[in-house]
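Student: Sequence first, then the predicted structure:
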Amino acid sequence: MLGGGEVIGELQMSWDGLLNLGDEPFVISFPPVHGVHPSLKLKATIVHICDDQDDALFDPLVDCEIARDTDAGHAQFAAYMKSKTVSHLNKAVEHFQLVLDQCPPHPDHPLSLYNLTRALIWRHYKKDTAADIQEAAQLCHELLPLCPEGTYPRNIAAGVDCVIRGCNNLPKDGSDEGIHLRRVVLGLCPLGHQLCPRALAMLAQAVGARFDQHGSIDDLDTGIQLLREAVSLCPEGHADCVTCQNKLAVSLVSRFDHQGKPNDLDEAIYLHEEALRLCPVGHKDRDYSLNSLGGSLIARFKKRDDIDNITRAINLYCEALTLRPPGHPRHEVTLNNLALALKARHVKSQVSEDFNEAIDRCRECLQLSRLDHPGRHAILCNLSAALCSRFTQTQNNEDVEEAITLCQQSLEALHSLHPNTYYCYLRLQEAYMSRYHVQYKPTDLALAVDNFRLASRHPTHGLPSRIIQACQWAVAAERHDHGSALEAYSTFLELLDAHLATRSSATSRREAASAFHYARSLPVDAASCAIRLDNLPRAIELVEQGRGQQWSLASRLRTPVEDLESAKPTLARNYLELSKLISNASQSSATISDRAAADQATTDYRRLTRQWKAAEDLQAAARQGPVIILIASQYSCSAIIVPTSGDPHHVPLPSVTLADLTNLKDRFARAIREASRMNPGESRTDLIVLSRIIWDQIMLPIVNVLEHVLKLKRRSRIWLCPTAAFTSIPLHAAHLFQTKADRSGKEPCLEDLYICSYTPTLSALIRSRQLMKKRAPPSFVAIGQGQPGAGKGKALLAVDSELGLVHKLVPATANRTTIFGDEATRAGALSALQQNTWVHLACHGKQDPKQPYDSHFVMRDEHLTLLDIMERHVPQAEFAFLSACHTAVGDEETPDEVIHLAAGLQFSGFKSVVGTLWEVDDSVAKHVVEAFYTYMFRDLKDGGVMDCTKAAWALNCATHSVKTKVPLEQRMVFVHIVGISSNLWNHALPRTTTLQQEFAPPVTPYMHKASRFFQYLPVVYQNR
């Protein structure tokens, strides 16, 4: 078969005869064609055997057609090479396509793939047709596996390189098809291939384009992982080193905008600095590096308010402009960035020259940009912002009118899901609100609120910026009495919850929450708003959503895993492994490679968490007694009582303001400090006065509803759930300290009437009860460390005697053990916590107000930290008594998060905890401890069982019974947290018994327990 593919001869030999020739080559001669005597030297071998040999052979006619089209394709390709006429190339492609369509099972299939690929490559470079190079990439992807290892021909390699380069030059495409193509191209690059970093970067760019379109944070993380790999494959001097470093830095800044992780921004600036170092003066990429580093410095300026960052950014942009003069395709981009930097510096320094130059640069940039310029929308938006700022100073109506028009034009240039539409909504909101402040037209306020709503709910923009918008929306709605306030609060809390859910360790969640410290009051303000709208159920939901958010997230992620293990153990195991990896990598000492692993793990972590969520009926928290939520807002202070059944009750506190609570907190702090310097027999006058204030102004209105509306019987359980400023007030210490009008006795205090416990959230109370359904045989460990070592605090001389007292009071059936002295180490304490259901801790306790997760118990060697405790999961644990200082005190920065040692033990699995609000006097704590365990275990002599649900009742009885031995502030210090109760009547005396008969008669009717956040130096006591 020669020439045009015509048949010129046949082989006159049977197949058996042909195969019998073995490995010996033989020659076939053909009749002369055009004066030429063609001949072929052949060698036969078996390529396929089947039962029916005829079925194993290819149709000779098909072979003829394949050969004819192949020769025709080569002929057309040869004609193109001579004439450069595209029609010849088109025909070559048609012929090679026909061959490929007939060749899938044919031995010539690899060659047909190669022929068509080569023709498509040539046509792409001739016509610049994206479809041709995309198809060529798919063909190469199919061809390479058909080439055995070690037989990678040079011509195929050259063709693949052409395909990779051609695809790398295509515009970015964030569609699924575009990303698939980039993955195909990456698959064409063997390990160590010079074009691999570029292929990785292009895939990252495609994934990034999809992120811009749809806003999935997983795409952004994937892009960062790909770029990290690209950078790792680029040694210094590699052609793509600078490009990959800059692209990775830009992606990190984008993630910083969406998640607010400071490490991302710092790493981005480091990468930009390195890229600029590799681009000295005269380097072709220096302008790009200058511009990119300037953008990152502006981001850091906005985060840290350091004027040096913005000044340096301006200098970098000015240098970049000299490298991008008018006419340069990126001139407008740099000019626009310079205008933004000047405006930002004006906000900081109020230099009018900066402001005027910023507007001039924006106008110049707009004049230079074409109508179809891809960045024109940003130029319009930035000029609008500058004009709006000038309007607030000059009140020139033309400025604000032009600002609104420019923003509307910018919006028209973008599709609704483009991330930058957020900025259009933001600028429009600013413009309408600015005009409202001058002209007070309700339509402007309504339009501003519409744009607040659009900006905060924009699905493809970063969560931190949207959280800020929702916060500002809520503040504006409250200030101007707009009906959208509750919607704004709800949006804020939803966004904050979603933002914190992207963080997978406790410390990183707190760091993320602390960034919005200015919005600390929004959860209680939201509840106050709902109350003012007479929507109590919504108020409860908002308090629950905003309070203890970090604990709620952590518990939400932990609890479902337990439920999941039986149904989907593999999913549960993967989830827990990823959680540990992310937690380790989140530490500040993590290397860049650690962070790369964490990026991947975080993406997988989010994917798994989306597969399940926990939901709770909040009224279930009040199943065993009312829960009283105290709301301290700048707009109103009040309480909501969640009863066992029926609708919640609102209790206004008209005589209490937020300022009053702050003053009350400060007065309590001073009173506690003064009491610590007094002799035990001296009267605590200041504390008595403050306890009366708590009774009269806060708790008495609540007690009236409990007694007269809910008809709650005395000695029933109640749970206090304070928020915001109420967390710093010892609510359980409410006491009138007066004799009854008929002289029949003392007026009852709060804990004479009810048995009080604290709970951080309703959800925490519900979870605690759910976990108590599974009971383990009781085991009790007492851990004491009275000699912590040099530099770790004073010796606690009463610890050993306290441990002996506890050991004596705990029943022998509890499998009791004691750890003290050299055995009371960090490792020993952790092991004991995991192996026992009941724990008593007597040692120094330290609450770290700045880094609450570093709060700790002082052991012999290392500190036992809050994080150590949280990392242990002890589902069988029941009760802990923390006879140490500051174990139930949160931090001032996020008081509603209730981050303290007692909460950490509850998170690890302990259902019921007795903790302390301030420093404990080592010499008198043992009296409370002795009385507590006496009441706790007094029923065991009659065959009862150890029951941690009695803890609140036992503490109540204990603090009453030691009034003659223990000063008021040292009785106040102990509080019961969360806990669960059974029927408390089982533990109370008969109803005919009076309180004075139930408890040892006091010398003075003091109360117990008190406040939080009191740091002072003791004068008399040895403190734990």
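Tutor: Sure, I can see it.
Student: Next, K808: secondary structure please.
Tutor: Following DSSP: H, G, I helix; E, B strand; the rest coil, K808 is assigned to helix.
Student: For it, the count of nearby residues, please.
Tutor: 10 (other C-beta atoms under 10 Å). Where C-beta positions appear, they are placed from N, C-alpha and C, glycine not excepted.
Student: One more: the one 3 residues further on?
Tutor: The local packing count at P811 equals 16, with neighbours defined by other C-beta under 10 Å.
Student: Same question for N815.
Tutor: Neighbour count of N815, defined by other C-beta under 10 Å: 16.
Student: I figured it hits Q835, correct?
Tutor: No. The criterion here is C-beta atoms under 8 Å, and N815 misses it with Q835 at 10.0 Å.
Student: residues of stretch 182-195 that come out buried?
Tutor: By neighbour count on 16 or more other C-beta atoms under 10 Å, the buried set for stretch 182-195 is 182, 184-186, 188-189, 193, 195.
Student: quick check, nearest of the residues you listed to R520?
Tutor: R182 (44.4 Å; C-beta to C-beta).
Student: With adjacent residues omitted, what lies nearest to that closest one?
Tutor: Nearest residue to R182, sequence neighbours excluded (C-beta to C-beta, 6 or more residues apart in numbering): L203, at 3.9 Å.
Student: which is the next helix or strand following the helix or strand containing the one you found?
Tutor: L203 is part of helix 196-214, with elements assigned from DSSP states H and E. Next along the chain after helix 196-214, taking DSSP H and E as the criterion, comes helix 217-232.
Student: which helices and strands does the next helix-or-strand element following that next one pack with?
Tutor: Counting by DSSP H and E, the next helix or strand C-terminal to helix 217-232 is helix 241-259. Judged by 3 or more C-beta pairs under 8 Å, 6 or more residues apart in numbering; DSSP states H and E, the packing partners of helix 241-259 are helix 196-214, helix 217-232, helix 262-277, helix 286-304, helix 463-479.
Student: still on that earlier bit, name the residues contacting each of N815 and Q835.
Tutor: Residues touching both N815 and Q835 (C-beta atoms under 8 Å, 6 or more residues apart in numbering): S779.
Student: so where do the helices sit in the stretch 651-800 of the chain?
Tutor: 658-676, 685-693, 700-704, 750-753, 762-771, 799-809 (DSSP state H, counting those that start in this stretch).
Student: Least confident of those, on average?
Tutor: Least confident of those, judged by mean pLDDT, is helix 762-771 with a mean of 74.
Student: Next one: I702 from V656, what distance?
Tutor: 12 Å (C-beta to C-beta, to the nearest Å).
Student: State the mean pLDDT of the helix holding L203.
Tutor: pLDDT averaged over helix 196-214 gives 82.
Student: list the helices and strands that helix packs on?
Tutor: Using 3+ C-beta pairs under 8 Å, 6+ apart: helix 196-214 touches helix 154-168, helix 176-187, helix 217-232, helix 241-259.
Student: same thing but 6 Å
Tutor: helix 176-187, helix 217-232, helix 241-259 (3 or more C-beta pairs under 6 Å, 6 or more residues apart in numbering; DSSP states H and E).
Student: Show me what counts as buried in it.
Tutor: Applying 16+ other C-beta under 10 Å to helix 196-214 flags 196-213 as buried.
Student: Dump the helices and strands packed on helix 241-259 to a markdown table, plus distance to D861.
Tutor: Formatted as a markdown table, the helices and strands packed on helix 241-259 follow (distance: least, C-beta to C-beta, whole Å):
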| stretch | distance to D861 |
| --- | --- |
| helix 196-214 | 47 |
| helix 217-232 | 38 |
| helix 262-277 | 31 |
| helix 286-304 | 38 |
| helix 463-479 | 41 |
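Student: Pull the distance from the lengthiest helix in the chain to the chain's centre.
Tutor: Secondary structure of the chain per DSSP state H: the longest helix is helix 60-83. Centroid separation for helix 60-83 versus its chain: 61 Å, with C-alpha atoms, centre = their mean, to the nearest Å.
Student: buried residues in that helix?
Tutor: 66-73, 75-77, 79-80.
Student: what do you get for stretch 793-812?
Tutor: Neighbour count says stretch 793-812 has 793, 796, 798-800, 802-803, 805-806, 809-811 buried, by 16+ other C-beta under 10 Å.
Student: possible to save the buried residues of helix 60-83 as TSV with pLDDT and distance to L226?
Tutor: Shown next, in TSV, are the buried residues of helix 60-83 (pLDDT from 0 to 100; distance: C-beta to C-beta, whole Å):
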residue	pLDDT	distance to L226
I66	75	41
A67	76	44
R68	79	46
D69	77	41
T70	81	40
D71	80	44
A72	82	43
G73	80	38
A75	85	44
Q76	83	40
F77	81	37
A79	85	43
Y80	81	38
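Student: Export the residues you listed to a markdown table and append columns for distance to F857.
Tutor: Below are the buried residues of helix 60-83 laid out as a markdown table (distance: C-beta to C-beta, whole Å):
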| residue | distance to F857 |
| --- | --- |
| I66 | 82 |
| A67 | 86 |
| R68 | 88 |
| D69 | 83 |
| T70 | 82 |
| D71 | 87 |
| A72 | 86 |
| G73 | 81 |
| A75 | 88 |
| Q76 | 84 |
| F77 | 81 |
| A79 | 87 |
| Y80 | 82 |
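Student: and which of those residues is nearest to A485?
Tutor: Distances from A485 to the buried residues of helix 60-83, taken by C-beta to C-beta, are shortest for Y80, at 71.6 Å.
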